[in-house]
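In: Just a sequence and a predicted model for now, questions to come.
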Amino acid sequence: MHALTRGPRAATWAAGLALAALAAIALSLGEVALPLGDVLAVLGNALGLGSAAPEQAAQIVWQIRAPRIAAALLIGAALAAAGAAYQGMFRNALVSPDILGVSAGAAAGAVLAIFFSQNAFLIQAAAFGGGLIAVALAYAVAAAARGHDPGLALVLSGVVIGSLLGAVVALVKALADPLNQLPPITFWLLGSLAAATPRDLGLAAPLVAAGLAPLWLLRWRMNLLALDDDEARSLGVPVSALRLAVVCAATLMTAACVAISGVIGWVGLLVPHAARLLVGPEFSRLLPLAMLLGAAFLLAVDTLCRTATSIELPPGVVTAILGTPAFLVLLLRGRRRWQ
């Protein structure tokens with residue numbers, strides 16, 4: 001671990017190579033197992049390398065597995081990036097992308113859309129809009145709470161708004177038809193990548209890119225948020241504007257992901273913590289490694305969910321089962337680094 005900390009580029013390259021290998025393995029696994037050689041031939045043919053690939057293997061790779069794997073990579077990377085930004089902004093390793101209520105807002109929007117029998121596109125749109133509205137309400141409440149620490153007020157507002165929207169979700173579940181409405185509501189709340197389509201990726205990817213761009217452009221100033229607000233202002237940093245930009249960027253990415261996958265927790269909490277232990281808190285090093293690890297983590301979880309048993313497991317449940325002990329191990333091993 002210490003060697004990787006001294007060589008952040010080595011850690012990033014290693015994570016990238018491991019992610020590429022994991023993606024190839026994930027393409028080969030499923031109800032119809034494909035030889036790894038056939039998968040590599042399909043990928044080589046797509047790259048114009050002239051590799052001869054079986055037609056059936058190409059159809060399985062591109063039509064069935066590739067969209068789902070791409071969704072896992074996109075969502076894992078985006079949630080990890082949002083978590084890294086929030087943890088740096090709030091100077092707290094226990095902060096996750098849904099701290100301001102974006103997941104609760106998305107859940108409320110999706111559940112209401114399902115309750116009123118809307119189609120899949122409107123359910124995703126309602127989830128996306130609900131996440132944005134929830135964070136906007138939390139930020140408005142925090143802005144109105146003058147005389148309090150801005151960061152603490154924002155967190156408390158997010159917790160309160162999230163609790164209120166959680167109550168809305170519970171109420172709708174109680175009122176829903178137990179035969180026709182409750183099962184899809186429960187399925188959506190558990191989170192899944194099974195229904196991810198190229199259209200979903202085409203809608204979510206630009207939103208994720210739009211949220212990621214300001215985080216990367218502000219990566220040097222992000223380090224100054226680790227200081228007290230007064231110290232950061234003395235260095236010429238507009239703390240309030242920077243905090244608002246981070247909140248908007250992270251919320252945009254998280255809402256876009258939750259809209260197409262449902263609620264999948266632990267990625268934005270566990271992965272940035274692991275990346276920080278490897279390369280330290282410097283944001284320009286932390287962000288790319290967190291994204292690679294987040295993509296790898298969610299891809300590994302989703303592959304396990306669809307291959308471990310005859311019944312597909314919900315990724316949101318598996319991330320919690322695996323994330324809890326992993327986070328405890330990371331926290332205990334790295335406690336000195338947080339002092």
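Out: Alright, I've got the coordinates. Keep in mind that this is a model prediction, so the values were computed, not measured.
In: Can you list the low-confidence ranges for the stretch 101-250 of the chain?
Out: 146-148 (pLDDT under 70).
In: Can you show me the helices along it?
Out: 102-115, 120-144, 150-175, 182-190, 198-217, 219-222, 229-234, 239-261 (DSSP state H, counting those that start in this stretch).
In: Tell me which other helices or strands the third one touches.
Out: Looking back up the chat, that one is helix 150-175. When contacts are defined as 3 or more CB pairs under 8 Å, 6 or more residues apart in numbering; DSSP states H and E, helix 150-175 packs onto helix 66-90, helix 102-115, helix 120-144, helix 182-190, helix 239-261. For the C-beta atoms, the positions are set from N, CA and C on the backbone; glycine is no exception.
In: Now the ones you listed in TSV, please, with extra columns for mean neighbour count.
Out: Formatted as TSV, the helices and strands packed on helix 150-175 follow (neighbours: other CB atoms under 10 Å):
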stretch	mean neighbour count
helix 66-90	26
helix 102-115	27
helix 120-144	20
helix 182-190	17
helix 239-261	23
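In: Out of these, which gets nearest to Gly294?
Out: helix 66-90 (2.5 Å; CB to CB).
In: pLDDT on that closest one, on average?
Out: Averaging pLDDT along helix 66-90 gives 94.
In: Trp62: how many residues sit nearby?
Out: 14 (other CB atoms under 10 Å).
In: Could you dump the helices and strands packed on helix 150-175 into JSON lines with distance to Val32 added?
Out: Below are the helices and strands packed on helix 150-175 laid out as JSON lines (distance: least, CB to CB, whole Å):
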{"stretch": "helix 66-90", "distance to Val32": "14"}
{"stretch": "helix 102-115", "distance to Val32": "31"}
{"stretch": "helix 120-144", "distance to Val32": "26"}
{"stretch": "helix 182-190", "distance to Val32": "24"}
{"stretch": "helix 239-261", "distance to Val32": "24"}
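In: Of all these, which one is nearest Val267?
Out: helix 66-90 (4.2 Å).
In: name the helices or strands packed onto the closest one?
Out: Right, helix 66-90 is packed against helix 8-28, helix 150-175, helix 198-217, helix 219-222, helix 239-261, helix 267-279, helix 283-307 by 3+ CB pairs under 8 Å, 6+ apart.
In: now, of those helices, which is deepest in the fold?
Out: Here the criterion is mean neighbour count by mean count of other CB atoms under 10 Å, and of the helices and strands packed on helix 66-90 the winner is helix 267-279, at a mean of 25.
In: tell me the angle of that helix relative to helix 66-90?
Out: If you take axes from the mean of the first three to the mean of the last three CA atoms, to 10 degrees, helix 267-279 sits at 70 degrees to helix 66-90.
In: which other helices and strands contact helix 267-279?
Out: Helix 267-279 packs on helix 2-6, helix 8-28, helix 66-90, helix 283-307, helix 315-333, going by 3+ CB pairs under 8 Å, 6+ apart.
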